[in-house]
Structure formats: C-alpha cells, structure tokens
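Asks: give me a 3D structure for the following:
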Amino acid sequence: MKPGKRNLITDVAGLRVGNASDAAVKTGATVLLGDAPFVAAVHVMGGAPGTRETDLLAPDKTVQQVDALVLAGGSAFGLDAASGVADGLRAMGRGFDVGGQKVPIVPGAIVFDLINGGDKDWDENPYKALGRTALADAGEEFALGSVGAGTGATTAGLKGGLGSASLVLDCGITVGALVVVNAVGHVTGPDGRFWAAPWEFGGEFGGRGPVTGFDPGEEPRTKANMGENTTIAIVATDAKLTQAEATRLATAAHDGMARAIHPSHTPMDGDLVFAAATSAREIADPVVDPLMIGHAAATCLARAIARGVHAARPAPGDLLPTWQARFGEA
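Replies: Model prediction:
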C-alpha cells in the first residue's frame with residue numbers, strides 16, 4: 001500500500017470535498033460530494049452523537065445511496081448545514097426521485113465547538129449558509145487543519161482540525177479518510193509525538209517517530225471541559241460494496257480512531273464514522289479484499305487524525321495552542 005496522488009480522500013475518483021469557515025464564530029462545515037449518488041453507511045461508538053438522517057443508512061432501509069455527507073461544527077445547530085447542502089443539490093437537480101420531486105439525501109454529523117473562543121452570539125443560525133457555501137467549494141483539492149468543520153476543533157491541550165489521508169492497495173483499490181478531530185482525549189504523547197506515528201508515511205505529520213516517555217499506568221489527559229467533544233469521520237473507497245459491507249467498513253475504521261486518540265469513544269464523545277463506496281471497482285477476492293479495505297480505512301483514519309492536528313494554524317481568540325506552536329516545528 002502507498003498513499004494516493006493527493007493523499008486525500010479525493011484520491012477516490014468521483015468524490016469531491018468542499019469547506020466553508022467562519023473565522024469570527026470559529027466554526028465551519030465540510031461536505032463530501034459524489035459526482036453520482038454513492039453507497040453510504042455509518043457506525044457510532046461515542047456516547048454523545050449528533051446526527052441527521054443516519055437511520056436510513058441501515059442495510060434494510062429503502063434508500064441505498066446518498067448524494068452527499070456533511071460534517072459540521074456547532075453542536076445541534078450545525079445539523080442545519082446539511083439543509084443548506086440539500087437546497088444546493090436540489091437546485092442542481094440532484095436527489096432521490098419521488099413522483100417527479102427530487103429529494104437530496106444528505107446525512108450529517110456534528111461536533112461541539114461552542115466554547116472555543118469564537119463569537120456564538122448570532123441572531124440567525126449560520127450553518128445553513130455555511131453548508132451551501134461548502135457545497136459550492138467542492139473540489140478534488142482542499143486544505144487541512146483549521147478549515148471547514150475543523151476550524152474551531154480542539155483536543156486535550158491542542159487545537160484540532162480537519163484531516164485527510166489515502167492509500168492505494170496492491171490490488172488497485174483506493175481508500176481514503178476525512179476527519180474532524182475534536183476529541184476529549186489527546187493525539188500526542190507528552191513529547192509531542194503522535195500516537196498515529198507507527199502508521200505514518202513519509203513524514204506527513206512531522207516524522208518524529210513513536211511516542212516516548214509514556215507511562216501506561218498514568219490516567220490519560222483529557223479536556224478540562226469534557227462536554228466539548230466528538231471526532232467525526234468519513235472513510236471512502238472505490239470498491240463495489242453493499243450497504244451492509246459499507247457498515248462493516250465503517251466499523252473497522254474505528255480502529256484508526258483508537259490508535260490515534262487516547263482515550264477515544266468515551267461517554268462524552270459522539271465519535272462516529274461514515275463509510276462511502278463509489279462502487280467503481282469490482283472486488284476480485286471476496287475474502288482478502290474486504291479485509292485489506294478495512295485495514296486500509298483504519299490506517300488512513302489514524303493518519304488523517306494526526307495530519308489534521310499537525311496542520312492546524314493559530315487564529316485570534318484561540319484558547320489553545322497549535323501543535324506547531326507548542327512543539328516547535330516551523
């Protein structure tokens with residue numbers, strides 16, 4: 001396996017990502033858009049999720065494909081970002097056809113970023129507009145760090161951010177991950193090295209190697225306010241998957257979150273993973289290929305988490321330092 005050309009989830013052909021940020025509010029929205037509807041699934045392991053239209057992603061539900069997936073800040077307010085995306089898709093003529101009416105299928109999830117130093121005294125919920133702006137921004141290239149839904153993200157002691165990574169398997173199948181890192185736990189050891197370091201490719205998040213100076217008997221570091229959390233992610237592949245197989249992919253990808261964040265999947269996090277499959281490539285080996293796709297998804301997600309924090313940049317009013325500022329990398 002090796003990273004794709006961009007080392008982004010958009011290495012999965014047919015997928016684009018758009019971001020919209022509000023610097024004053026310290027928040028934003030991120031959209032994963034398919035050139036065509038794609039199979040999607042979800043798996044939740046955190047104890048405090050915030051979601052929209054995730055029930056329809058179960059394998060027994062009528063609608064088997066979606067038009068887009070949305071990640072946003074704002075806690076429950078942020079769920080409105082998906083409404084803006086749905087409006088934009090409807091204007092494009094996209095959506096599930098019901099008697100001639102187009103109904104865009106846009107599941108979404110949110111993180112809590114309401115206590116991060118930004119101005120939250122709005123008169124009108126800003127997230128619908130952010131969602132539509134993110135949709136208009138969708139492309140194959142996009143920035144990481146303090147952008148989109150990662151604009152106001154935080155972790156234990158450091159700013160969080162938006163991360164992404166990809167891998168191309170030896171069989172030619174591509175897997176990618178997109179994540180908003182807003183965890184109650186920490187992503188580095190006391191020396192600033194990332195927990196995800198064993199899965200790093202080419203110094204993509206500093207190249208400092210595995211964590212040192214870690215005491216396994218010490219209680220893990222967490223945010224002072226344990227209510228402002230949740231890490232939400234999307235893993236994607238060009239392999240042909242059913243909705244049930246995509247659900248298994250989302251489940252396997254949670255291993256990447258556990259590798260990169262200590263602790264993860266806590267009662268105060270809403271940790272979840274969406275899976276997306278464009279189904280452009282047939283699976284040649286029904287035993288080996290699904291196993292390797294799941295392994296690659298977990299690996300991509302761990303790397304994406306570290307890349308998102310590594311890429312975070314400072315902004316006025318921040319309550320926490322960036323990784324770059326705290327650990328001295330220019």
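
Asks: what number of residues lie near residue 22?
Replies: Neighbour count for residue 22, taken as other CB atoms under 10 Å: 21. (Glycine included, C-beta is placed from N, CA and C.)

Asks: look up how far residue 231 lies from it.
Replies: Residue 22 sits 21 Å away from residue 231, going by CB to CB, to the nearest Å.

Asks: what do you get for residue 44?
Replies: 12 Å.

Asks: list the contacts for residue 167?
Replies: 1, 2, 3, 4, 174, 175, 176, 296, 299, 300 (CB atoms under 8 Å, 6 or more residues apart in numbering).

Asks: so which of the residues you listed belong to helices?
Replies: 296, 299, 300 (DSSP state H).

Asks: give me the buried subset of these.
Replies: Among these, those classed as buried by 16 or more other CB atoms under 10 Å are 296, 299, 300.

Asks: coming back round to it: sort out for me which of the contacts of residue 167 are in strands.
Replies: 174, 175, 176 (DSSP state E).

Asks: list the contacts for the nearest residue to residue 243 once chain neighbours are set aside?
Replies: Distance criterion CB to CB, 6 or more residues apart in numbering; nearest residue to residue 243, sequence neighbours excluded, is residue 59 at 4.4 Å. By CB under 8 Å, 6+ apart, residue 59 lies in contact with 41, 242, 243, 244, 247.

Asks: now do residue 180
Replies: 30, 71, 73, 111, 148-150, 153, 160-162, 231-233, 308.

Asks: dihedrals phi and psi, the nearest residue to it once chain neighbours are set aside?
Replies: Excluding the flanking residues, the one nearest residue 180 by CB to CB, 6+ apart is residue 149, at 4.5 Å. Main-chain dihedrals, residue 149, degrees, to the nearest 10: phi -70, psi -10.

Asks: ok, residue 149 touching residue 71?
Replies: Yes - contact criterion CB atoms under 8 Å: residue 149 and residue 71 qualify, at 4.3 Å.

Asks: which residues do those two both contact?
Replies: 29, 30, 111, 180, 232.

Asks: checking my notes, the first one in a helix, right?
Replies: No - residue state for residue 29 (DSSP: H, G, I helix; E, B strand; the rest coil) corresponds to strand; a helix is not indicated.

Asks: measure it to residue 106 for me?
Replies: With CB to CB as the criterion, residue 29 and residue 106 are 12 Å apart.

Asks: and residue 59, what's its pLDDT?
Replies: Looking at residue 59, its pLDDT stands at 89.

Asks: before we move on, what SS does it have?
Replies: Secondary structure state of residue 59, per three-state DSSP, is coil.

Asks: ok so, going back, out of residue 149 and residue 71, which sits in the more crowded spot?
Replies: residue 149 (36 against 31).

Asks: picking that back up, now, the contacts of residue 59 that are in strands?
Replies: Using DSSP E, the contacts of residue 59 in strands are residue 41.

Asks: distance to residue 210, neighbour count and pLDDT added to the contacts of residue 59, as TSV?
Replies: Below are the contacts of residue 59 laid out as TSV (distance: CB to CB, whole Å; neighbours: other CB atoms under 10 Å; pLDDT from 0 to 100):
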residue	distance to residue 210	neighbour count	pLDDT
41	32	28	96
242	37	14	93
243	37	20	93
244	36	13	94
247	32	20	95
